[in-house]
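**Q** 3D, please:
(chains A and B)
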2 protein chains.
Amino acid sequence: MTSTPPSPLFSQRARKLTSSAIREILKITQRPDIISFAGGLPAPQGFPVEEIHAAFDRVLSASARVGLQYGPSEGYQPLREWVAQDMRARGASVSPDEVLIVSGSQQALDMLGKLFVDPGSKVLIEAPSYLGAIQSFSLFEPEYQAVPTDDGGLVPEGLTDDCVRGARFIYALPNFQNPTGLTLGLARRRALVARCAAVGLPIIEDDPYGDLRYAGEALPSLLSLGREAGATVIRLGTFSKVLSPGLRLGYIVAPKPIISKLAQIKQATDLHTAMLTQMAVYETVKDGFLARHLPGIRELYKNQCGYMLDAMARDFPDSAAWTRPEGGMFIWVTLAPHLDAGQLLQTAVERRVAFVPGAPFFAGSVSQPNTLRLSFVTVPEAKIREGIATLGQVLKEA
Amino acid sequence: MTSTPPSPLFSQRARKLTSSAIREILKITQRPDIISFAGGLPAPQGFPVEEIHAAFDRVLSASARVGLQYGPSEGYQPLREWVAQDMRARGASVSPDEVLIVSGSQQALDMLGKLFVDPGSKVLIEAPSYLGAIQSFSLFEPEYQAVPTDDGGLVPEGLTDDCVRGARFIYALPNFQNPTGLTLGLARRRALVARCAAVGLPIIEDDPYGDLRYAGEALPSLLSLGREAGATVIRLGTFSKVLSPGLRLGYIVAPKPIISKLAQIKQATDLHTAMLTQMAVYETVKDGFLARHLPGIRELYKNQCGYMLDAMARDFPDSAAWTRPEGGMFIWVTLAPHLDAGQLLQTAVERRVAFVPGAPFFAGSVSQPNTLRLSFVTVPEAKIREGIATLGQVLKEA
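**A** Have a look, this model is predicted:
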């Protein structure tokens, strides 16, 4: 970890920043001789290049001067309508003015930090949780409180009166969570929204991977269950995993008074998301393209996940345990309690394999250094076998 | 002005947000029967549609899987190199790692707020200043202190020991300022950077309009003068006014330790700016396109500005005074002291003419309600004459 010498002029939040573990590791993984299970990148062979190219071409031919001009902070209206329609098709009654378009759902986290978090505000978070959310919320200096989790994800009974008192929101990833790959079951979803409705606690439902389910049955979103139960749910969606992350396009679905505040925050943050991008993505998805496109990505990820699980069963020591995701991009590994994945990363990288140590994913609780995250999506089958064999060897030696 | 009922869960900063004057006015200006001098939109006939279309086409044909994938938080390296080269051509020795690409320079303001501002931090600002900057910084709850200004822009002698003590930065727009259209002369630029170097005060130089000079001589940037004088200058640039605002692309030039912190903030804020956009803009500008493109925009804006100044000389009352910009998009009008431009806006809109009242542009000082901002760039010549005649009538009646 490197850090900039603190300047007396920097803000408190900026002085606390140090270079993140993921940043440092991503630098390593860019070396071509490394087999990297560390990245969070979608497989580029899943990008629908022709369709996106054709969509940009249509917008720049027919509506360039709209696409290249300033636009509304809330987003391009037809795309807001498409998102609302998509939510309705999944069982949540959503109107277009309950949708705000953002520059990737990471930006939604930043805006929600601005909306809800004062220095010292209590924020409830799964342990472990998405590192990018921890980085984003941390700029607003909350006090994290971890919600108890087990093999079934977060435990709604853990939301005791003490736990929820004074909390601004709970942040949850119900589908194939990053980093654990775990999915929250239906009974727990119902219990979670009922509890949050009862105590007036907003839920931020971050669901970047929900469409990447390749096993088991799709479950209703916290948004749809929450609206039935009277809970305030703020749902984050993204086109990053179903189309392309480099376009930086996502959306927030929330009740109108929250969207109204977020539109003002969006204006102060970057005025609005690029119109051309919004129009081209709308052109790409408007006629049901995703329903034709997604099965191919799911098949790809299912196979990749299978290769890795098979290799782990063969090569990992008995002392290691790991999750078996029903979708998404990640497997979470728990090593013998005395092992430190951060130290093992050094050895692994010397042997040209990379992963992300689990410790930085914990906020507001004792971190578990004997954990690590593996991504299976971008590495070819033969390299997965080779990398997992090497990693198994490193673990056995440790 | 409307506002959302405050929620006890919202942050302090969010509770202070009310719908902005510009937001409300932009809604009015979208009515086709209104002659609007209120907007800050560049003229869409200046967008180089064919060149941008061709650039997207090239990137999506040759490098789509790079353009559609996640990218580095600092930005697309060839574009960083282009910006550094452009700065060197203008007399400031800048290396590519002193450049960070952002999603429009509004985002730079948000990131600089994060970097420098704690609640209550002193921030020095021109009075009046860019409303978007006030909105952006205000989310981080600074105490503004106005720097004295006159017809020549900010007065460096106003940076007394009392004024600069404890300040985190000074925010300045030296060229054709928004909202006044005023330009800071060379002697004042030198005095400003010398004073800031002496007291260790960083300067944020926001220069969205610098390339839109159609009269007078180009002046050296605060960045180039500041580097000679030993001042810390953080320069914001944008492609919004020279190519297209809807692409949302800008950049920050600053010393490496500041860029390093900003890269971490950028990662937490939205990971990175869209790769496809960065690559397409690089493709558009890399071979000197702007040098061929800008004369046409300057000519257009010069003529538009001339139409408005001529009409104002003819139709405005003697009690009004206004600036004569050498570039940019705005004219600033000062009315007789007893008039309130906010009240006059009601009358003007009833007669189908819109402008922006000056009061919201003032932060940290007594606001001047007898001021208003006119944009001359998007309204056709005949409508400028018609609108200014109507506005002159409204002013004379008041």
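
**Q** residues from the stretch 101-250 of chain A in reach of chain B?
**A** A:103-104, A:106-107, A:110, A:114-119, A:121, A:132, A:135-136, A:138-140, A:168-169, A:202, A:243-248 (Cβ under 8 Å from any Cβ of the partner chain). All C-beta atoms are positioned from the backbone trio N, CA, C, and that covers glycine.

**Q** Can you turn the buried subset of these into a selection I can paste into ChimeraX?
**A** Command for ChimeraX that selects the buried part of these, burial taken from 16 or more other Cβ atoms under 10 Å in any protein chain shown:
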select /A:103,104,106,107,110,114,115,116,117,118,121,132,135,136,138,139,140,168,169,202,243,244,245,246,247,248
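
**Q** Mind checking which of the residues of the stretch 101-250 of chain A next to chain B land in helices?
**A** Mapping these onto helices (DSSP state H) picks out A:106-107, A:110, A:114-116, A:132, A:135-136, A:138.

**Q** Worst mean pLDDT across the helices and strands of chain A, which element?
**A** Of the helices and strands making up chain A, the lowest-confidence element is helix A:21-29, at a mean of 63, by mean pLDDT, DSSP states H and E.

**Q** Tell me which strands the helix or strand following that helix pairs with, and in which orientation.
**A** Using DSSP states H and E, the next helix or strand after helix A:21-29 towards the C-terminus is strand A:35-36. Using DSSP bridges, strand A:35-36 pairs in its sheet with strand A:353-354 (parallel).

**Q** so what secondary structure elements neighbour the following helix or strand past the partner strand?
**A** Remark: after strand A:353-354, the chain's next helix or strand is strand A:356-357, criterion DSSP H and E. The contact analysis (3 or more Cβ pairs under 8 Å, 6 or more residues apart in numbering or on different chains; DSSP states H and E) places strand A:356-357 against helix A:21-29, helix A:341-350, strand A:371-375.

**Q** Would you mind listing the buried residues in the last one?
**A** Within strand A:371-375, the residues scored as buried using 16+ other Cβ under 10 Å are A:371-375.

**Q** Each with direction, which strands does that strand pair with?
**A** According to DSSP bridges, strand A:371-375 has these partners: strand A:330-334 (antiparallel), strand A:356-357 (antiparallel).

**Q** Could you figure out how far that strand is turned away from helix A:341-350?
**A** 40 degrees (axes from the mean of the first three to the mean of the last three Cα atoms, to 10 degrees).

**Q** gap between strand A:371-375 and the chain center?
**A** Distance of strand A:371-375 from its chain centroid, counting by Cα atoms, centre = their mean, to the nearest Å, is 15 Å.

**Q** Alpha carbons of that strand, as CSV, please.
**A** The C-alpha coordinates for strand A:371-375 follow below in CSV (Å, rounded to 0.1, in the frame of the first residue of the first chain):
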residue,chain,number,x,y,z
THR,A,371,-10.7,-15.8,3.2
LEU,A,372,-10.2,-14.9,-0.5
ARG,A,373,-12.3,-14.2,-3.6
LEU,A,374,-11.9,-15.9,-7.0
SER,A,375,-13.4,-14.7,-10.2
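
**Q** what's the angle from it to helix A:131-138?
**A** 120 degrees.

**Q** List the buried residues of the helix or strand just after strand A:371-375.
**A** Per DSSP H and E, strand A:371-375 leads on to helix A:381-397 as the next helix or strand towards the C-terminus. For helix A:381-397, burial by neighbour count (16+ other Cβ under 10 Å) applies to A:384-388, A:390-395.

**Q** Would you reformat those residues as JSON lines and include pLDDT and distance to chain B?
**A** Putting the buried residues of helix A:381-397 into JSON lines (pLDDT from 0 to 100; distance: Cβ to the nearest Cβ, whole Å) gives the following:
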{"residue": "A:384", "pLDDT": "98", "distance to chain B": "20"}
{"residue": "A:385", "pLDDT": "98", "distance to chain B": "24"}
{"residue": "A:386", "pLDDT": "98", "distance to chain B": "23"}
{"residue": "A:387", "pLDDT": "98", "distance to chain B": "21"}
{"residue": "A:388", "pLDDT": "98", "distance to chain B": "24"}
{"residue": "A:390", "pLDDT": "98", "distance to chain B": "25"}
{"residue": "A:391", "pLDDT": "98", "distance to chain B": "24"}
{"residue": "A:392", "pLDDT": "98", "distance to chain B": "28"}
{"residue": "A:393", "pLDDT": "97", "distance to chain B": "30"}
{"residue": "A:394", "pLDDT": "97", "distance to chain B": "27"}
{"residue": "A:395", "pLDDT": "97", "distance to chain B": "29"}
